[in-house]
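Visitor: Sequence first, then the predicted structure, then my questions.
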Amino acid sequence: MSDHEKEPMFSAKSLKFFTAPLADNNPITVQVLGICSALAVTVKLKPAIVMALSVVIVTAVSNLVISAMRKYIPDRIRIIVQLVVIATMVILVDQLLKAYMFDVSKQLSVFVGLIITNCIIMGRLEAFAMANKPWPSFIDGLGNGAGYGLILIVVAFTRELFGSGTIYGYPVMEKIGAFRIGYENNGMIILPPMALILVGLIIWFHRSRNKTLIEKN
Amino acid sequence: MKHFSNRYIFIFSTVMVIAVAALLSLAATLLQPAQERNLEIEKKKNMLESIGVSATRDNTVELYSKYITGSFVLNSEGEIVEDVDAFTVVLKNEQKKPLEEQYLPVFRAFPDDGEKLIILPVEGKGLWGPIYGYVSLRSDMNTIYGVNFDHKGETPGLGAEINTREFESMFPGKKLFDNENFISVQVHKGGADPSDMHGVDAISGGTITSKGLEKMLFDCLNKYNDYLLKNRI
């Protein structure tokens, strides 16, 4: 963005930075980034929600930091600088959680550290924050984190409901008496390949609703 | 894109690395006391859970001093080692030593039902990292009173299920010995026969963690063999 006109903070344009990654430019279903963690943390809803929140925060803040520094970052070592910013933030968050929110930190365990390797974050830094002003970058980070979290929560909801018969730990299937009429939890849903199939189904559904997403060969 | 000289790049990266290192070590130093206290509370809380007392973070210290009445350290011969505080023994470090030099901590507990228990710590390997826990035994030194397991980073919903009530509640009543023979408790894929005194169900999708837990129980508890046989009723 080279124009120096003053833009209102919540203009339609900056709103679009937030909404585009939720649907038509979703990091998981359209850009196909961050699949690995989407498979790992979606067995239960709770870790998925905490992971989604953490990624929103990390993407938004590291986008902000990198965008503020973008004019001083030498082009040749930009990837290293981006990684250092992400890793520092994630380690700080992890240390703070361990000191003041021990239970949450236990719940997330290794996944906090794994946020560093989430390709969405570096993808946004490289594609957006390096070329845009801090505020739009921050919004873009929020949007992409939310777009990622949305898919995570949908997949985790489905997997927890049909795999373990619970929603957020609440035994739904037992309460509605599904087991008494011969219903059984599907053990396959809790295995990682099923998450991939679910993500595939979401991508299929998404593209059948929005034909512009289909690649032409 | 502006061109940056090599000199600038060097200075930029040096400053960046020093700034980040200073920030992180400062954070680590400042937060360490709080983190260590959390770990101590966590350890006490896990021990209490293995004797069926559920504590919150706030009342753990109080309940611990009420129920856990003593502790001592054994060597592999089953003799008491003097002058070692059982609470400060780090099992992971002990397991690296040769068996004859290992310290084996034992904690005594008296829950409300009047039973005299001993609590033995266990530590082993799951799929992604360490798994650990506490096993409390009744005064016959054979029957399990309760267990508590925890893990560093097993997969949620799969291996991480070892620290759920459903899994842990299968252990009370199981036996470690068959007459004089140490059997420990095995996990069975597809479910154990409820009448099996040495078997519990494995976790579906968590086979490696379940097997690691089985190995952990056998290896760690087997070291107490002499002591348990000597003191059993």
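Guide: Happy to help now that I have it.
Visitor: CA atoms for contacts and neighbours, from now on please.
Guide: Will do.
Visitor: so where does the residue nearest the centre of chain A fall, helix or strand?
Guide: Chain A has A:Tyr148 as the residue nearest its centroid, 2.9 Å off, counting by Cα atoms, centre = their mean. Following DSSP states H and E, one finds A:Tyr148 within helix A:134-159.
Visitor: Where do the helices of chain A begin and end?
Guide: A:12-19, A:35-40, A:45-69, A:78-100, A:102-108, A:110-114, A:119-127, A:134-159, A:172-175, A:192-209 (DSSP state H).
Visitor: Give me the contacts around the second one.
Guide: It refers to helix A:35-40. With contacts defined as Cα atoms under 8 Å, 6 or more residues apart in numbering or on different chains, helix A:35-40 is touched by A:Ile28, A:Leu114, A:Asn118, A:Leu152, A:Pro192, A:Pro193, A:Ala195, A:Leu196, B:Thr155.
Visitor: How many neighbouring residues does the fifth one have?
Guide: The one in question is A:Pro192. When neighbours are defined as other Cα atoms under 10 Å in any protein chain shown, A:Pro192 has 17 of them.
Visitor: In contact with it, which residues?
Guide: A:Leu39, A:Ala40.
Visitor: From A:Leu161, how far off is it?
Guide: 15 Å (Cα to Cα, to the nearest Å).
Visitor: so where does the residue of chain B at minimum distance from chain A fall, helix or strand?
Guide: Closest residue of chain B to chain A, Cα to the nearest Cα: B:Gln35 (4.5 Å). B:Gln35 belongs to helix B:6-50 when assigned by DSSP H and E.
Visitor: Distance from the chain centre to whichever helix or strand comes after that helix, please.
Guide: Going down the chain from helix B:6-50, the next helix or strand is helix B:60-67, by DSSP H and E. For helix B:60-67, the distance from its own C-alpha centre to the chain's C-alpha centre is 18 Å (Cα atoms, centre = their mean, to the nearest Å).
Visitor: just checking, what packs against helix B:60-67?
Guide: helix B:6-50 (3 or more Cα pairs under 8 Å, 6 or more residues apart in numbering or on different chains; DSSP states H and E).
Visitor: angle of the helix it packs on against helix A:78-100?
Guide: In terms of direction (axes from the mean of the first three to the mean of the last three Cα atoms, to 10 degrees), helix B:6-50 departs from helix A:78-100 by 30 degrees.
Visitor: Which residue, other than its chain neighbours, is closest to whichever residue of chain A sits closest to chain B?
Guide: Across chain A, the shortest distance to chain B (Cα to the nearest Cα) belongs to A:Ala99, at 4.5 Å. Nearest residue to A:Ala99 in three dimensions, chain neighbours excluded: B:Gln35, at 4.5 Å (Cα to Cα, 6 or more residues apart in numbering or on different chains).
Visitor: again, but for B:Met47
Guide: Nearest non-adjacent residue to B:Met47 (Cα to Cα, 6+ apart): B:Tyr134, at 6.0 Å.
Visitor: does the one you found count as helix, strand or coil?
Guide: strand (DSSP: H, G, I helix; E, B strand; the rest coil).
Visitor: Surely it and B:Leu48 touch.
Guide: No - between B:Tyr134 and B:Leu48 there is no contact under Cα atoms under 8 Å: 9.1 Å.
Visitor: where does chain B have low pLDDT?
Guide: B:1-2, B:233 (pLDDT under 70).
Visitor: Revised request: answer the last question for chain A.
Guide: A:1-10, A:107, A:109-110, A:217.
Visitor: one more time with 50, if that's ok
Guide: Residue ranges of chain A with pLDDT under 50: A:1-4.
Visitor: interface residues of it facing chain B?
Guide: Contact residues (Cα under 8 Å from any Cα of the partner chain) of chain A with chain B: A:40-41, A:43-44, A:47, A:73-75, A:77, A:88, A:91-92, A:95-96, A:98-100, A:102, A:106, A:109-110, A:187, A:190-191.
Visitor: Just the buried residues of those.
Guide: By neighbour count, with 16 or more other Cα atoms under 10 Å in any protein chain shown, these hold A:40-41, A:43-44, A:47, A:73-75, A:88, A:91-92, A:95-96, A:98-99, A:102, A:106, A:109-110, A:190-191 as buried.
Visitor: Run a quick neighbour tally on B:Leu99.
Guide: 14.
Visitor: What's the separation between it and B:Lys223?
Guide: 8 Å.
Visitor: shared neighbours of those two, anything?
Guide: B:Ser76.
Visitor: what's near enough to touch the closest residue to B:Met170 other than its chain neighbours?
Guide: In space, and not counting its chain neighbours, B:Met170 is closest to B:Val200: 6.2 Å by Cα to Cα, 6+ apart. Counting by Cα under 8 Å, 6+ apart, B:Val200 makes contact with B:Met170, B:Phe171, B:Val185, B:Gln186, B:Val187, B:His188, B:Gly191, B:Ala192, B:Asp193, B:Pro194.
Visitor: I'd guessed the third one sits against B:Gly173; true?
Guide: No - when contacts are counted by Cα under 8 Å, B:Val185 is not listed as touching B:Gly173 (10.9 Å).
Visitor: got the residues of chain B near chain A?
Guide: B:1, B:3-4, B:9, B:12, B:20, B:24, B:27-28, B:31-32, B:34-35, B:38, B:152-153, B:155-158, B:204-205.
Visitor: Filter those down to the buried ones and hand me the ChimeraX line.
Guide: Selection of buried members from these for ChimeraX, criterion 16+ other Cα under 10 Å:
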select /B:9,12,20,24,28,31,35,38,152,153,155,156,157,158,204,205
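Visitor: in stretch B:17-27, what counts as buried?
Guide: So for stretch B:17-27, counting by 16+ other Cα under 10 Å, buried means B:Val20, B:Leu24.
Visitor: Contacts only, for residue 115.
Guide: Just going to use chain A. A:Val55, A:Val90.
Visitor: other chain: chain B
Guide: With Cα under 8 Å, 6+ apart, B:Glu115 has these contacts: B:Arg138, B:Ser139.
Visitor: If we use 10 Å, what do you get?
Guide: B:Ala109, B:Leu137, B:Arg138, B:Ser139, B:Tyr145 (Cα atoms under 10 Å, 6 or more residues apart in numbering or on different chains).
Visitor: most surrounded residue in those residues?
Guide: Result: B:Leu137 is most packed of the contacts of B:Glu115 (other Cα under 10 Å), 29 neighbours.
Visitor: and the closest residue in space to it that isn't next to it in sequence, which of the three is it?
Guide: Spatially, and ignoring its direct neighbours in sequence, B:Leu137 is nearest to B:Ile144 (4.6 Å; Cα to Cα, 6+ apart). Secondary structure, three-state DSSP: B:Ile144 is strand.
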